[in-house]
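Q: sequence unavailable; structure follows:
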């Protein structure tokens, strides 16, 4: 079921399936900012990633000596959430562990996803509560896909990425679906990165952020349309679009978790980039997106 939140600048539609944004439209321009999930290319809009980010080696892990199968990005994106709170400009979705989740992830939890509008800014906030009597081990993240171009008069190749602060960042390459840890390097994110299909020929661009506030912007010099993703305290960000089959979208993904390294031993307790939460404790994180149109100010 779909729910909406809106103000005088944006109308946002979110589904209870996966607590996923399915549409963000400008009130004044009528433009659709979000990718509309063409199943022939990529059949999602902005999935929520939990309890892992990325792919496990062979889609498996062990915990306390027992093996479990868990697909890429976890199960939350395919679960039905309940609506806990809903106002005109804010909504909170709740997912609790259930019989299905415990077959692949043997933990008790409460996972909340909150969306909040303030002018042209949309917050996406995550809350993970450990309701188990043991430590909770998890990853969480966002995966919003944005239309490029937004305006039909502009081409995809007219867009570029800009980052703030303007500095080089460590890039972690992928080999297959896993982190090629030994070949990470310093990337030139202190300069503009032109958007092209070939940019993703080696899969996602993954950068270490070390938990600092960063801004990743998708812009064009042809008009004022642009999108800023404020990663806040995310330790990683992924930038991705489908390849070699291509389409007019790109994802900017703040992550509190990451795919397995090539040398991962398969134990959940040892998995790189995971969050460890004591019984009864709560983890909070999130990111913000600002959507700018012709009549919006920076």
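A: Noted; the coordinates are in hand. Predicted model, so just to flag it, every value in this text is computed and none were measured.

Q: burial of residue 263, as a residue count?
A: 11 (other Cβ atoms under 10 Å). Using the backbone N, CA and C atoms, a C-beta is placed for each residue, glycine as well.

Q: next one: residue 41
A: Using other Cβ under 10 Å: residue 41 sits among 14 other residues.

Q: list the strands paired with the strand or helix carrying residue 276, with their directions.
A: Using DSSP states H and E, residue 276 sits in strand 275-277. When sheet partners are counted by DSSP bridges, strand 275-277 sits next to strand 136-138 (antiparallel).

Q: residue contacts, residue 44?
A: Residues in contact with residue 44 (Cβ atoms under 8 Å, 6 or more residues apart in numbering) are 20, 37, 77, 143, 145.

Q: one step back: which other residues reach the strand holding residue 276?
A: 128, 130, 135, 136, 137, 138, 139, 140, 256, 257, 283.

Q: so what does residue 59 look like in phi/psi?
A: phi 60, psi 30 (degrees, to the nearest 10).

Q: tell me how far it lies from residue 257.
A: According to Cβ to Cβ, to the nearest Å, residue 59 and residue 257 sit 15 Å apart.

Q: same question for residue 96.
A: Per Cβ to Cβ, residue 96 is found 20 Å from residue 257.

Q: and if you look at residue 229?
A: From residue 229 to residue 257 the distance is 17 Å (Cβ to Cβ).

Q: mind listing what's buried in the helix or strand following the strand holding residue 276?
A: Sequence order places strand 282-292 as the next helix or strand after strand 275-277, per DSSP H and E. For strand 282-292, the neighbour count (16 or more other Cβ atoms under 10 Å) marks 283, 285, 286, 287, 288, 289, 290, 291, 292 as buried.

Q: what about the closest residue in space to the fourth one that isn't next to it in sequence, which SS state?
A: What it means is residue 287. Leaving aside its sequence neighbours, residue 287 sits nearest to residue 254 (Cβ to Cβ, 6 or more residues apart in numbering; 4.2 Å). Applying DSSP: H, G, I helix; E, B strand; the rest coil to residue 254 yields a three-state assignment of strand.

Q: isn't residue 254 up against residue 288?
A: No: with contact defined as Cβ atoms under 8 Å, residue 254 does not reach residue 288; the gap is 9.5 Å.

Q: what is in contact with the two at once?
A: Joint contacts of residue 254 and residue 288 (Cβ under 8 Å, 6+ apart) are 229, 232.
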